[in-house]
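Asks: The sequence isn't on hand, but the structure is:
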C-alpha cells in the first residue's frame, strides 16, 4: 500500500511538472510571436525566400547524419510520421483539444504523399537536395482545410482570414558520407483578425509542433544511417 501511495504521488508530481513546463513554453511562444531571429549563414534558404521572405513565425531545426545528402533527403521525403507513437498521440491530442471530428486511425504512408493528400502543394524543389511546400489555411479551426496556391501566386496571396505556411525539407552535404538534415517552417498571417487567432493557436499548440519536428529529424537520422550501413552489391 505504501508503495502504491508513493507511486501515485510521484505520478501526480510528474504530471504537474509536465503541465507547468508546457505552460511556460506556451507563454514564451506568446511573447516571442512575431519576433523572428535572422538565420545563421548556413540556415539561409534562398529557395524558401522566393515564396516567403517576410514572416511572423520561423521554426528551424537540423540534425547531423552519417549518410550522404541523397540518402538523407530520400529518408526525409519518405518518412512516415505515424510510425512514432508520440507523434500520433500529439495529433490525437489536437483533435481532442479543438474538438475536431475523430479521424480514426491515422493513415500511414510517405510524408510527401500524405501532405499532398491533405492539400499541400510543391512550390519548388531541387533534385535530391530540397523541397518547399506551401498552403493557406485556418489552423485554429477544428477541422482545418489546407488549400493549395499556385507557386507563381503564393508570395502575393493576401486573402483575409487565412495564414500562409511554407515549409522545407533540405539535406546539406558536409563531407563524403555525411550531411545535415534541415527543416524550416514559416508562417505569415494575412490580416489582423487572423493574426490574433493564429497567435492564440500557436502559443497553445506550438510546444507539440516543435516536438514533432525534433522527433521527425531523429526518424530521418535513423533511417538514413540504416540505409548507409547496408552492404552494397558488387
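Replies: Alright, I've got the coordinates. Bear in mind the structure is a predicted one, so any value in this text is a computation, not a measurement.
Asks: which regions of the chain lie under the pLDDT threshold?
Replies: Across the chain, the stretches falling below the confidence threshold (pLDDT under 70) are 1-26, 102-107, 232-234.
Asks: which helix in it runs the most residues?
Replies: When the chain is scanned for its longest helix (criterion: DSSP state H), the result is helix 192-228.
Asks: So which elements touch that helix?
Replies: Contacting helix 192-228 under the criterion 3 or more C-beta pairs under 8 Å, 6 or more residues apart in numbering; DSSP states H and E are the following elements: helix 2-32, strand 57-65, helix 69-78, helix 85-98, strand 178-189. For the C-beta atoms, the positions are set from N, CA and C on the backbone; glycine is no exception.
Asks: Okay, buried residues for the second one please.
Replies: Residues of strand 57-65 classed as buried: 57-60, 63, 65 (neighbour count, 16 or more other C-beta atoms under 10 Å).
Asks: If I take it and helix 69-78, what angle do their directions form?
Replies: For strand 57-65 against helix 69-78, the angle between stretch directions is 130 degrees (axes from the mean of the first three to the mean of the last three C-alpha atoms, to 10 degrees).
Asks: roughly how far is strand 57-65 from the heart of the chain?
Replies: Here the centre of strand 57-65 is set off from its chain's centre by 9 Å, with C-alpha atoms, centre = their mean, to the nearest Å.
Asks: Direction included, what does that strand pair against?
Replies: Each strand paired with strand 57-65, and its direction, by DSSP bridges: strand 178-189 (antiparallel).
Asks: how close does residue 173 sit to residue 199?
Replies: Residue 173 sits 38 Å away from residue 199 when distances are taken as C-beta to C-beta, to the nearest Å.
Asks: err, residue 220, not the other one
Replies: If you go by C-beta to C-beta, the gap between residue 220 and residue 199 works out to 30 Å.
Asks: Which one's more surrounded, those two?
Replies: The residue with more neighbours, out of residue 220 and residue 199 and counting by other C-beta atoms under 10 Å, is residue 220; that gives 27 against 18.
Asks: hang on, isn't the more buried one packed against residue 78?
Replies: No - proximity of residue 220 to residue 78 does not meet the contact threshold set by C-beta atoms under 8 Å, at 9.3 Å.
Asks: on that earlier part again, out of the buried residues of strand 57-65, who's nearest residue 210?
Replies: Residue 210 lies nearest to residue 59 out of those, by C-beta to C-beta, at 6.5 Å.
Asks: Quick check: beta-bridge partners of that closest one?
Replies: Applying DSSP bridges to residue 59 gives these bridge partners: residue 185.
Asks: again with the one 5 residues further on
Replies: Here residue 64 shows beta-bridge partners residue 180, assigned using DSSP bridges.
Asks: and it, what does it touch?
Replies: With contact taken as C-beta atoms under 8 Å, 6 or more residues apart in numbering, residue 64 is in contact with 174, 178, 180, 221.
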